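[1] The sequence and its predicted three-dimensional model are supplied below.
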Amino acid sequence: MFRPSSALLDRVLRLLLVALLVACGPPAAAAPATSSITLLTIDGPIGPASADYVVRGIARAAKDRSQLVILQIDTPGGLDLSMRSVIKAILTSEVPVASFVAPSGARAASAGTYIVYASHIAAMAPGTNLGAATPVQIGPPGTEPEGKPPPARRDGDQSDKAGTPAGPPAPPATPAGPATQPQTSALERKAVNDAAAYLRGLAQMRGRNAEWADRSVREGLSLSAEDALKERVIDLIAPDVKALIAKLDGARVQVLGRELKLQTAAAPLTDVKPDTRSRLLTAITNPSIALILMSIGIYGLLFEFMSPGAVAPGVIGAICLVLALYGLQLLPVNYAGLALILLGITFMIAESFLPSFGTLGLGGVAAFVAGALILIDTDLPDYGIPLWLIASVAVASALLMALTVNVALRSRRRAVVSGADNLIGSVAEMLDDAAREGWANAGGETWRVSSAVPLRRGQQVRIVGRAGPILDVAPLEHHIKGELP
């Protein structure tokens, strides 16, 4: 009778164990029950400041070993570079990220849709919507086909320096016409195709509806929370953050190739607010603030050059100008608009020194207004410069120019009051006792003086004449009483 050896039995048991492990798959890693949940909030357009806040918030959550990051979103869209930096942070995060469109009435339009698709978990509150992920028109306006109304515009993302993002629906293809129209149409198609491929890739990565993602870009579609759940665009609906945390308890997510089981039921929630750095970045990347800082900076340096040694205008101007330039380099700036603003301020400054009878000044005001109107190359809400601010800065600059010109003209018309001949009739003070000749302080200078009567130190005298380098003086009281011969 054949009896298997112990070595053979051991080998068979090992093979069975390996087969069992392969069939069951690797066990899911469970997040520690005490791990916290980090809450980040995007409320408004997605720009450099909000992107920096989210990227650093995700990095901090990984450092603090949080088991989940909840990104609460309410945005009309955002700049392309800012959107992509947020998505890169999500895709490379060691902590799962759950995008939550909330509260009720919020939206994740355009750039917000891309971020929702990129997140490990996508959720929405009732009464919210997402979509409208079509890139903006690229090229000069007014290239729509004749006889057709322009497409309805939606609130959404706009192009920035990279030139590709998500925003309102693109206009239809332009028919044959001037040579520039086919080029514009080609740029639009490239932008749409790039955006569609990007969102479709995110959908395929997260196992969401890639077909609707493509249509959202090409047709500008939007969905309510209920429809988004039916279309497999999101994973769940929750009324608030607490309900979302309760629903995610026990959920399994794939994070960088490994499966993680969430244990959120008793996890503490850490609400991370924007810090001082984020608030400062929010302020200086506001186009209106950047324009004001730039104007203050230029005029501050101008006053310092006109009055060397004042120090304060130069220091304040330099700081404001550096902050303005840093903020502008983060924004989608039209450099023609920036050049017009600088040219306009230069003309207004030149008006103070050149007798152009207002021509340079008026031209400077016109150039400043035109440059401010086209400075920011986007129609994204909250990223335009209001007309009242442009008018206020232009009027203030014009008034400052007029005041400077007025002071200069008054100075030119004023009679010359310097020189030795103009000392006659003024009052001087004796510096020493003098029988007939001595020294006196006249007009801030020391002069040799001559008098017909003795004088004493500190006595006030009137200058009545001049003989070469010597001034003829008389005691002030004698001159007043008319006692001089």
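    It's in.

[2] which stretches of the stretch 351-485 of the chain aren't confidently modelled?
    352, 355-358, 377-383, 404-405, 407-421, 478-485 (pLDDT under 70).

[3] Strands of that one, start to end?
    Taking DSSP state E, counting those that start in this stretch as the test, the strands found in the stretch 351-485 of the chain are 427-430, 437-442, 445-450, 460-467, 470-475.

[4] which residues touch the second one?
    What it means is strand 437-442. 423, 426, 428-432, 446-451, 455, 461, 463, 470-471, 473 (C-beta atoms under 8 Å, 6 or more residues apart in numbering). (Glycine included, C-beta is placed from N, CA and C.)

[5] Mind listing what's buried along stretch 73-93?
    Across stretch 73-93, burial judged by 16 or more other C-beta atoms under 10 Å covers 73-87, 89-90, 93.

[6] Check stretch 439-451 too.
    Neighbour-count burial for stretch 439-451, counted by 16+ other C-beta under 10 Å, picks out 440, 442, 447, 449-451.

[7] now swap in stretch 261-276 and tell me
    Buried, per 16+ other C-beta under 10 Å, within stretch 261-276: 262-264, 267, 272, 274.

[8] what do you get for stretch 295-311?
    In terms of neighbour count (16+ other C-beta under 10 Å), stretch 295-311 has its buried residues at 295-304.

[9] Now that we have the buried residues of stretch 439-451, can you turn them into TSV and tack on distance to residue 330?
    TSV is the format used below for the buried residues of stretch 439-451 (distance: C-beta to C-beta, whole Å):
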residue	distance to residue 330
440	65
442	61
447	63
449	69
450	73
451	74
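
[10] tell me which of those residues is nearest to residue 397?
    Nearest to residue 397 among the buried residues of stretch 439-451: residue 442, at 43.7 Å, using C-beta to C-beta.

[11] Against residue 464, how distant is the closest one?
    For residue 442, the distance to residue 464 (C-beta to C-beta, to the nearest Å) stands at 12 Å.

[12] Check residue 51 too.
    As judged by C-beta to C-beta, residue 51 and residue 464 stand 79 Å apart.

[13] which of the two has more neighbours?
    More crowded of residue 51 and residue 464, by other C-beta atoms under 10 Å: residue 51, with 25 against 14.

[14] quick one: what helix or strand has the more buried one in it?
    Using DSSP states H and E, residue 51 sits in helix 48-63.

[15] Just the residues contacting the next helix-or-strand element following that helix, thanks.
    Proceeding N to C from helix 48-63, the next assigned helix or strand is strand 68-74, under DSSP H and E. Applying C-beta under 8 Å, 6+ apart, the external contacts of strand 68-74 come out as 31, 37-44, 54, 57-58, 61, 93, 95-103, 106-108, 112, 115-116, 119, 241, 244-245, 248, 262, 264, 267.

[16] how about whichever helix or strand comes after strand 68-74 as PDB, C-alpha atoms only?
    Proceeding N to C from strand 68-74, the next assigned helix or strand is helix 80-91, under DSSP H and E. The C-alpha trace of helix 80-91 is given here as PDB (Å, rounded to 0.1, in the frame of the first residue of the first chain):
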ATOM      1  CA  ASP A  80      -7.300  75.200 -15.700                       C
ATOM      2  CA  LEU A  81      -3.900  75.200 -14.000                       C
ATOM      3  CA  SER A  82      -5.500  75.400 -10.600                       C
ATOM      4  CA  MET A  83      -7.900  72.700 -11.400                       C
ATOM      5  CA  ARG A  84      -5.200  70.300 -12.600                       C
ATOM      6  CA  SER A  85      -3.000  70.900  -9.600                       C
ATOM      7  CA  VAL A  86      -5.900  69.900  -7.300                       C
ATOM      8  CA  ILE A  87      -6.600  66.800  -9.500                       C
ATOM      9  CA  LYS A  88      -2.900  65.800  -9.400                       C
ATOM     10  CA  ALA A  89      -2.900  66.100  -5.600                       C
ATOM     11  CA  ILE A  90      -6.000  63.800  -5.400                       C
ATOM     12  CA  LEU A  91      -4.600  61.200  -7.800                       C
END
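
[17] who does helix 80-91 touch, helix- and strand-wise?
    helix 48-63, helix 111-118 (3 or more C-beta pairs under 8 Å, 6 or more residues apart in numbering; DSSP states H and E).

[18] thinking again about what came up before, pLDDT, distance to residue 65 and secondary structure for the buried residues of stretch 261-276 - can I get that in a markdown table?
    Compiled in a markdown table, those are given as follows (pLDDT from 0 to 100; distance: C-beta to C-beta, whole Å; DSSP: H, G, I helix; E, B strand; the rest coil):
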| residue | pLDDT | distance to residue 65 | secondary structure |
| --- | --- | --- | --- |
| 262 | 92 | 14 | coil |
| 263 | 91 | 13 | coil |
| 264 | 89 | 14 | coil |
| 267 | 90 | 12 | coil |
| 272 | 92 | 15 | coil |
| 274 | 88 | 22 | coil |
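
[19] who's in contact with residue 249?
    Going by C-beta under 8 Å, 6+ apart, residue 249 touches 262-265.

[20] cool, residue 447 as well?
    423, 428, 439-441, 469-471.

[21] quick one, what contacts residue 310?
    Applying C-beta under 8 Å, 6+ apart to residue 310 gives the contacts 303-304.

[22] helix/strand/coil for it?
    coil (DSSP: H, G, I helix; E, B strand; the rest coil).

[23] Among the buried residues of stretch 295-311, which ones are in helices?
    Counted as lying in helices by DSSP state H, out of those, are 295-304.

[24] between these, which is nearest residue 375?
    Relative to residue 375, the closest of those is residue 295; by C-beta to C-beta it sits at 12.0 Å.

[25] Can you tell me the closest non-neighbouring residue to the closest one?
    Distance criterion C-beta to C-beta, 6 or more residues apart in numbering; nearest residue to residue 295, sequence neighbours excluded, is residue 393 at 5.6 Å.

[26] This completes my enquiry, with thanks.
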